Every structure is written in structure tokens, then in C-alpha cells.
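J.: pasting the sequence and the predicted coordinates here, then a few questions.
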Amino acid sequence: MEINSNQQPSSGTGNLSNAQRPGEYLRQLRSMQKRELSEVARELNMPERQLIALEADDYKSLPEPAFIKGYLRTYAKLLGADASHLIRRFDEIYTSDTGLPTNHALENSPLKALGRLQRGRRERLGWLKWIVGALVIIAIVWLLYAGIKAWRNSKSAQPDEPVAAEVNSVATTTAPAVLPVPASVPATATSSEDRLSLTFSHPVTVSIHDATGKNLASGRQTQPLTLTGQSPFSIRLDDAAAVSLSFNQEQISLSPYTVNGKAEFRLSR
């Protein structure tokens with residue numbers, strides 16, 4: 001299919017021609033309205049690199065089609081364009097461009113389907129738990145052995161006060177040597193945690209759990225939240241428009257999966 005890159009919309013909102021692609025049309029419309037790319041990215045709460053890929057119709061660099069359609073609708077609404085024509089045009093050209101159906105899900109999408117877990121990461125966490133558990137058990141056994149040995153020595157040396165004092169001195173100086181072993185465990189266990197940051201323009205009811213089922217936040221929230229846990233995170237918001245969300249310091253747009261003002265999804269690396 002031929003692309004006419006010189007085709008310009010006929011008016012401020014214009015109509016999508018049969019030779020144009022959705023991203024190309026939106027880019028030309030933005031240019032006619034004299035809007036900067038950075039300005040649009042900020043208004044859409046969308047990374048600039050994804051906006052560049054969307055305008056270039058580079059669908060292989062974007063998430064699965066469901067999210068691309070959400071981006072197109074949001075962008076079209078901002079520019080005052082008819083989103084229905086863009087979506088129909090997108091459905092026509094997506095399969096021919098990528099060789100994939102428009103209802104498929106990408107393996108490397110940042111937003112996974114509900115119930116989908118990263119098996120490799122779970123296996124790594126499983127090994128880490130085994131190692132930490134083994135270290136804790138070794139530390140406990142060593143402490144028990146040292147305690148029993150010190151008790152026996154104190155019993156056998158009880159009539160001789162100087163010997164007892166020496167045994168107590170040894171126990172006092174050697175006991176702290178095992179403390180760094182359990183103290184190092186939390187630093188290892190938390191090295192794989194992810195971070196969520198949320199801010200609210202007005203009160204919003206939230207429910208956030210991590211992969212272990214831990215409740216990170218729930219109820220009515222007004223103050224900014226910074227949460228850590230193991231992804232994927234299960235997130236439910238009753239007013240997504242009032243929430244600004246970042247995941248591992250990357251801003252996430254909530255509009256593609258917002259229905260009737262509410263959003264419910266899982267978020268993972």
C-alpha cells in the first residue's frame with residue numbers, strides 16, 4: 001500500500017485519506033495546530049519515545065494493538081479528530097505491517113494480561129529464598145552450639161573463678177561475630193523489589209497488592225504514595241483521571257485501559 005507523506009489534512013481537524021496512516025495523520029494535524037511534540041507528550045502523560053513511534057506508525061516498537069488503539073483514541077481526542085476512522089484504518093494496516101493479528105498479545109509488553117506471571121523471575125526468587133533460609137539455619141545452629149559449649153565450660157569451671165571469667169570473656173567477644181550474617185539477609189531479599197509512585201489531584205479509592213498478595217495500599221487516598229514490592233502489582237482505581245502513576249520512575253499512561261473512569265489492571269516489568 002502506498003503512503004502519501006505529502007498529503008495534508010484539509011482543515012483544522014480534517015479527514016483521514018485512504019492513503020494515510022493513523023500516526024502520519026495525527027503528526028500532520030499536530031503540526032497544523034502548531035503543537036510541540038514535548039507539549040503533547042506531557043498532556044497525554046505519555047513517554048515521548050512512544051509518541052514518536054506512534055506518529056511514525058512503528059507498531060513493532062509499541063505494546064499490543066489494544067494499547068495502540070487506546071493511544072490513538074486519546075491522541076485524536078486531544079487534537080479534536082474522529083478516532084473511529086483512525087481505529088478502522090489501523091485495523092486495516094496493522095496485520096500487513098507486522099504479520100500479526102490485531103488481537104494478539106506481545107511477550108515483551110510492559111502491561112501483562114491478568115493472571116500472567118514471569119516464571120523465570122519466580123524461580124530466581126525461589127532460589128534466593130532457599131539461600132537466605134539456609135544462612136539463617138546455619139546461624140541458628142552455630143548460636144546453639146556456641147551457647148551449649150559456653151554453658152558446659154561454665155559448669156566445669158564453676159569452682160575456679162578466674163577460669164569462669166575467661167569463659168565469659170570468650171563468649172562475650174565471639175558472640176557478636178555471627179550478627180552480620182542475619183543482618184545481611186534483608187539487603188539481599190529486597191534487591192529485586194519494584195517501586196510504584198502515585199499522586200492524586202483529588203481523593204481516590206485505591207486497592208494495590210503485589211505478587212505475594214501483600215496489601216500495599218487500600219481505601220480513600222489523598223496524599224502521594226511511594227510503594228515497594230514484588231511485581232506484578234494488581235491495581236484498581238475508582239477515578240483513574242485523578243491519578244498520576246509511575247513504575248520504576250517511568251510514567252505510565254492510564255487512559256488506554258480506563259473504562260467509565262475506572263481502571264483495573266496488573267503492572268509488571
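T.: Perfect, I can see it now. Numbers count the residues shown, from 1 in each chain.
J.: show the pLDDT at Val178.
T.: For Val178, the pLDDT comes out at 39.
J.: I'd say Ser197 and Ala217 touch.
T.: No - using Cβ atoms under 8 Å, Ser197 is not in contact with Ala217; the gap is 11.5 Å. Where C-beta positions appear, they are placed from N, C-alpha and C, glycine not excepted.
J.: mutual contacts of these two, please.
T.: 225, 227 (Cβ atoms under 8 Å, 6 or more residues apart in numbering).
J.: ok, which stretches of this protein are helices?
T.: With DSSP state H as the definition, the chain shows helices at residue ranges 22-32, 37-44, 48-55, 65-79, 83-98, 119-156, 161-174, 180-183, 185-189.
J.: go through those helices and pick out the most buried.
T.: Looking across those with neighbours counted as mean count of other Cβ atoms under 10 Å, the highest average goes to helix 22-32: a mean of 21.
J.: show me what that helix is packed up against.
T.: Secondary-structure packing of helix 22-32 (3 or more Cβ pairs under 8 Å, 6 or more residues apart in numbering; DSSP states H and E): helix 48-55, helix 65-79, helix 83-98.
J.: change it to 10 Å
T.: Helix 22-32 sits against helix 37-44, helix 48-55, helix 65-79, helix 83-98, with contacts defined as 3 or more Cβ pairs under 10 Å, 6 or more residues apart in numbering; DSSP states H and E.
J.: confirm for me that Ser253 is in contact with Gly70.
T.: Yes - using Cβ atoms under 10 Å, Ser253 is in contact with Gly70, at 8.1 Å.
J.: please look at Cys61 and Gln50 and confirm they touch.
T.: Slight slip there: residue 61 is Ser, not Cys. Yes - with contacts counted by Cβ under 10 Å, Ser61 reaches Gln50, the gap being 8.0 Å.
J.: quick check: closest non-adjacent residue to Pro232.
T.: Distances taken as Cβ to Cβ, 6 or more residues apart in numbering place Ser268 nearest to Pro232, at 3.5 Å, with adjacent residues excluded.
J.: distance of that neighbour relative to Arg124?
T.: Separation of Ser268 from Arg124 (Cβ to Cβ, to the nearest Å) stands at 14 Å.
J.: now Leu198
T.: As defined by Cβ to Cβ, Leu198 lies at a distance of 27 Å from Arg124.
J.: what's the neighbour count on the closest residue to Arg124 other than its chain neighbours?
T.: Of all residues not flanking Arg124 in the chain, Ser192 sits nearest, at 7.6 Å (Cβ to Cβ, 6+ apart). Residue neighbour count, defined by other Cβ atoms under 10 Å, stands at 13 for Ser192.
J.: for Ser192, give me its contacts.
T.: Contact partners of Ser192, counting by Cβ atoms under 10 Å, 6 or more residues apart in numbering, are 121, 124-125, 128, 230-231, 269.
J.: got the domain boundaries for the protein?
T.: When the chain is parsed with automatic domain parsing, its domains come out as 22-98, 119-189, 194-267.
J.: worst average pLDDT in the ones you listed?
T.: Set side by side, the domains of the chain give their lowest mean pLDDT on domain 119-189, at a mean of 67.
J.: centre of the chain to stretch 145-153, how far?
T.: Distance, stretch centre to chain centre, for stretch 145-153: 50 Å (Cα atoms, centre = their mean, to the nearest Å).
J.: check stretch 215-232 too.
T.: Worked out by Cα atoms, centre = their mean, stretch 215-232 lies 13 Å from the chain centre.
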